[in-house]
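**Student:** only the shape, not the letters, is given here:
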């Protein structure tokens, strides 16, 4: 009887130990899974520096050849944001605007795998040669209208209109008209080749249209057209 009780006690203790081991193993698995799901930090930016100006942060590699121009660059972004907000009737940007500033297209393309500077919901990825406006508009437009427009030429038109390149897209559109090369609105609305990264023909005409609507009807009417889900003629 004593041996049975002694053996039974060890059985209970052994079962309890197994339970503890099982729980510890499951916790470890969950912790490892959580670590696997955690966002990865891109080591490409590990030693990059940060320049802060108002609510703008420019993140750039050490010994960037244009480090001395960062104040002017940040001020340019601040001016551009304010201009876009005024023209499109957007509320002030309260988020921190993060700009990853690469030394040139070689480094930019190598790290990002992208052909052109771009922006996502988190940051702008910028390198020269380029203008501040296109990527800034890629960043701001989803804050103006969250969903991509059905008529995508309007998006490229706004990107071109606010590219801050100094180009007069009304003048170029008049030039196309005089030369007999104007793309009509019905054709432009369905033109799949419109791409503000690669051309300023279709997107330039679209910029002229957006500017005309802004001037004649204001930002609310332009936004209504931008978010419309009906056909362009109907819109």
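**Tutor:** Arrived safely. Nothing here was measured: the structure is a model prediction, and the numbers come from that model. Numbers count the residues shown, from 1 in each chain.
**Student:** mind listing what residue 213 touches?
**Tutor:** 221, 222, 225 (Cβ atoms under 8 Å, 6 or more residues apart in numbering). Glycine gets a C-beta too; all of them are placed from N, C-alpha and C.
**Student:** what mean pLDDT does the helix or strand harbouring the last one get?
**Tutor:** Element membership of residue 225 [criterion: DSSP states H and E] is helix 219-227. On average, the pLDDT along helix 219-227 is 97.
**Student:** ok, which stretches of the chain are helices?
**Tutor:** 2-37, 70-88, 105-112, 132-144, 152-161, 169-178, 185-188, 202-217, 219-227 (DSSP state H).
**Student:** so which of the ones you listed is nearest residue 123?
**Tutor:** Among those, helix 132-144 comes nearest to residue 123, with 7.8 Å by Cβ to Cβ.
**Student:** show residues contacting the closest one.
**Tutor:** For helix 132-144, contacts defined as Cβ under 8 Å, 6+ apart pick out 73, 76-77, 80-81, 84, 88, 90, 93, 97, 117-121, 123-126, 155, 158-160, 162-165, 196-197, 223.
**Student:** name the residue closest to the centre of this structure, please.
**Tutor:** The residue lying closest to the centre of the chain (Cα atoms, centre = their mean) is residue 120, at 2.0 Å.
**Student:** so who does that residue touch?
**Tutor:** Taking Cβ under 8 Å, 6+ apart as the test, what residue 120 contacts is residue 139.
**Student:** any idea how far residue 51 is from it?
**Tutor:** Relative to residue 51, residue 120 is positioned 21 Å away (Cβ to Cβ, to the nearest Å).
**Student:** go on, residue 213?
**Tutor:** For residue 213, the distance to residue 51 - Cβ to Cβ - is 37 Å.
**Student:** how about residue 148?
**Tutor:** Where residue 51 is concerned, residue 148 sits at a distance of 32 Å (Cβ to Cβ).
**Student:** tell me which of those two has more neighbours.
**Tutor:** Taking neighbours as other Cβ atoms under 10 Å, residue 148 and residue 51 compare with residue 51 leading, 17 against 12.
**Student:** quickly list what the more buried one is bridged to.
**Tutor:** Going by DSSP bridges, residue 51 is paired in beta bridges with residue 58.
**Student:** what's the neighbour count on residue 116?
**Tutor:** Neighbours of residue 116 (other Cβ under 10 Å): 17.
**Student:** wait, it touches residue 159, no?
**Tutor:** No - the pair residue 116 and residue 159 does not pass the contact test of Cβ atoms under 8 Å, sitting 11.5 Å apart.
**Student:** where are the low-confidence patches of this structure?
**Tutor:** Low-confidence segments of the chain (pLDDT under 70): 1-41.
**Student:** surely residue 149 meets residue 224?
**Tutor:** No - here residue 149 does not reach residue 224: they are 11.1 Å apart, not a contact under Cβ under 8 Å.
**Student:** neighbour count winner among these two?
**Tutor:** Neighbours were counted for residue 149 and for residue 224 using other Cβ under 10 Å; residue 149 has more, 20 against 13.
**Student:** contact partners for that one?
**Tutor:** Contact partners of residue 149, counting by Cβ under 8 Å, 6+ apart, are 155, 226, 227, 228.
**Student:** of those, which is the most crowded?
**Tutor:** Tallying neighbours with other Cβ under 10 Å puts residue 226 at the head of these, with 24 neighbours.
**Student:** count the residues that sit near residue 209.
**Tutor:** Quick note: residue 209 (other Cβ under 10 Å) scores 22 neighbours.
**Student:** OK, contacts around the residue lying closest to it once chain neighbours are set aside?
**Tutor:** What sits nearest to residue 209 in space, not counting adjacent residues and going by Cβ to Cβ, 6 or more residues apart in numbering, is residue 157, at 6.0 Å. Residues near residue 157 by Cβ under 8 Å, 6+ apart: 203, 205, 206, 207, 208, 209, 210.
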